[in-house]
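Chemist: below is the structure, and that's it, no one-letter string:
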């Protein structure tokens with residue numbers, strides 16, 4: 001059994017909210033992911049920072065030692081940080097349920113859930129199907145190799161009442177190429193890379209978008225950014241000779257334009273982004 005590789009994920013759970021509720025939403029969302037996945041798995045793995053758990057949740061720490069099994073170094077799959085435990089499912093469900101519980105109040109559990117619990121993973125026949133890394137803003141992953149009645153569908157049912165939370169395919173929603181830049185659209189960020197460079201993308205938070213203007217006739221997309229929020233690092237990497245962020249993108253294929261439009265509309269609806277979407281046949285000149 002090998003260490004979990006996030007690149008093997010088929011879907012990722014994203015919390016798009018940028019406000020102070022984001023961490024609470026992450027906890028609620030990952031609870032949905034773990035609980036739903038547990039119905040499809042036969043083993044659960046947990047790694048924790050022992051001192052943090054003993055200090056914040058001594059009863060959970062005692063139960064991990066008594067009800068779960070310590071994983072030997074050679075059998076670890078959750079990295080080398082913290083102490084790793086394992087248990088069979090469904091036998092381990094009661095403790096996992098208590099580990100995920102918010103009964104003592106969301107504020108009191110926030111710190112230890114984000115920093116005391118290192119990893120949680122659900123496995124089926126030795127292959128991971130769910131992996132959450134609470135310290136990370138992004139790593140709440142699902143590997144769904146089931147048939148039509150998929151884990152993804154049931155996770156979607158579980159998170160439907162959580163604002164700004166969605167589960168999306170990885171590694172990206174869609175990507176396309178303009179005349180000067182390559183673009184990668186993810187649920188929380190837009191990646192931009194100059195065509196002539198092989199660097200990794202510069203990422204811009206989608207919360208910084210104020211308007212998207214799609215011209216279906218000319219195959220163009222015009223982005224209007226909230227420039228006052230853009231960091232100097234982004235500006236220094238992406239500015240053109242007029243010191244303006246690239247805004248108008250030519251999309252070569254009609255199918256690509258449709259994908260971009262549909263993806264941006266889906267993200268706006270799912271994540272609650274405030275950007276406006278205009279679709280015209282003639283692009284206004286500015």
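Modeler: Now that the structure is in, tell me what you want to look at. Please read these numbers as outputs of a predicted model, since none were measured by experiment.

Chemist: pull up the per-residue confidence for residue 1.
Modeler: Looking at residue 1, its pLDDT stands at 66.

Chemist: likewise for residue 202?
Modeler: Residue 202 is assigned 83 on the pLDDT scale.

Chemist: how about residue 137?
Modeler: 63.

Chemist: one more: the one 5 residues further on?
Modeler: On the pLDDT scale, residue 142 is placed at 91.

Chemist: any idea what it is bridged to?
Modeler: Note on residue 142: beta-bridge partners by DSSP bridges are residue 11, residue 130.

Chemist: where does the stretch 151-286 of the chain have low pLDDT?
Modeler: 227-246, 281-286 (pLDDT under 70).

Chemist: quick one, strands of the stretch 101-250 of the chain?
Modeler: Assigned by DSSP state E, counting those that start in this stretch, the stretch 101-250 of the chain shows strands spanning 117-124, 127-132, 140-142, 165-169, 174-177, 181-185, 189-194, 202-205, 209-215, 220-225, 248-250.

Chemist: how about those strands in JSON lines, adding mean neighbour count and distance to residue 41?
Modeler: For the C-beta atoms, the positions are set from N, CA and C on the backbone; glycine is no exception. Formatted as JSON lines, the strands of the stretch 101-250 of the chain follow (neighbours: other C-beta atoms under 10 Å; distance: least, C-beta to C-beta, whole Å):
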{"stretch": "strand 117-124", "mean neighbour count": "23", "distance to residue 41": "4"}
{"stretch": "strand 127-132", "mean neighbour count": "23", "distance to residue 41": "6"}
{"stretch": "strand 140-142", "mean neighbour count": "26", "distance to residue 41": "11"}
{"stretch": "strand 165-169", "mean neighbour count": "21", "distance to residue 41": "17"}
{"stretch": "strand 174-177", "mean neighbour count": "18", "distance to residue 41": "31"}
{"stretch": "strand 181-185", "mean neighbour count": "18", "distance to residue 41": "31"}
{"stretch": "strand 189-194", "mean neighbour count": "18", "distance to residue 41": "30"}
{"stretch": "strand 202-205", "mean neighbour count": "17", "distance to residue 41": "33"}
{"stretch": "strand 209-215", "mean neighbour count": "19", "distance to residue 41": "38"}
{"stretch": "strand 220-225", "mean neighbour count": "19", "distance to residue 41": "41"}
{"stretch": "strand 248-250", "mean neighbour count": "17", "distance to residue 41": "42"}
